[in-house]
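Novice: no letters, just coordinates:
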């Protein structure tokens, strides 16, 4: 029995690929998936950081493999799946966690910035999913995919225009792909995460919003639960969705946030 109650790791004997797995939510998912018994491949552009995480986890007895990749390049995105299969023989689950959050409004976003957001936040997940699903279909095997989206896909702030455009597209893609492959037993879900405390968000706050080293403490005091979203909590939820413990659920885009969409004072 695969459940929390039995004590069996949720992803035992599974092969998982995590895009954007060298920092933030992606790295959290890598750690959580490894802890839950999976062989984990993960991608990123920073070789030194990725290799360090691989060495750390493998030294602790886990089976992980870092793949240098730029998901905005379709060949690189698809290639990450191929290299996962080369290393571990197959792919059972995918988490698309790579993301870009640089700011831009409708009136000041350049075509280059727009294309960069589409490349990382939409094109990358599309072609990584494509290759993963093709492998699953070739083996007539069930599988699971979780796309890390954003609560901003519902509309978002004015300074997130290209980001919202890409993430809203990813939300639609998640449902489309889930519907297309429901009879193949490939479950595809998305997680609309909200404001989350990560090293990447620290960089964004300092670069675009005048944040200082205490920005997170100030932010924690501004939200209902007294804390921003936490990487380990999100990662645990992703692992649950990737595992059989989440049952038959597919095509769900879940709002994982303390903002209540549609609520008004």
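Specialist: Alright, I've got the coordinates. What you are looking at is a predicted structure, and each value in this text was computed from that prediction instead of being measured. Numbering: from 1, shown residues only.
Novice: elements contacting the longest helix anywhere in the chain?
Specialist: In the chain, taking DSSP state H as the definition, the longest helix is helix 161-180. With contacts defined as 3 or more C-beta pairs under 8 Å, 6 or more residues apart in numbering; DSSP states H and E, helix 161-180 has these neighbours: helix 111-118, helix 124-138, strand 143-148, strand 186-193, strand 253-256. (Glycine included, C-beta is placed from N, CA and C.)
Novice: go again using 6 Å as the cut-off
Specialist: helix 111-118, strand 186-193 (3 or more C-beta pairs under 6 Å, 6 or more residues apart in numbering; DSSP states H and E).
Novice: between strand 143-148 and the last one, find me the angle.
Specialist: Interaxial angle, strand 186-193 versus strand 143-148 (axes from the mean of the first three to the mean of the last three C-alpha atoms, to 10 degrees): 20 degrees.
Novice: after strand 186-193, which helix or strand is next?
Specialist: Next along the chain after strand 186-193, taking DSSP states H and E as the criterion, comes strand 196-197.
Novice: residues in contact with that following strand?
Specialist: The contact list for strand 196-197, computed with C-beta atoms under 6 Å, 6 or more residues apart in numbering, reads 216, 228, 229.
Novice: what average pLDDT does that strand get?
Specialist: Regarding strand 196-197, the rounded mean pLDDT is 74.
Novice: so what are the sheet partners of that strand and their directions?
Specialist: Partner strands and pairing direction for strand 196-197 (DSSP bridges) are strand 229-230 (parallel).
Novice: buried set for the very next helix or strand once past the partner strand?
Specialist: Downstream of strand 229-230, the first helix or strand assigned by DSSP H and E is helix 231-242. Judged by neighbour count (16 or more other C-beta atoms under 10 Å), helix 231-242 contains these buried residues: 231, 234, 235, 236, 237, 238, 239, 240, 241, 242.
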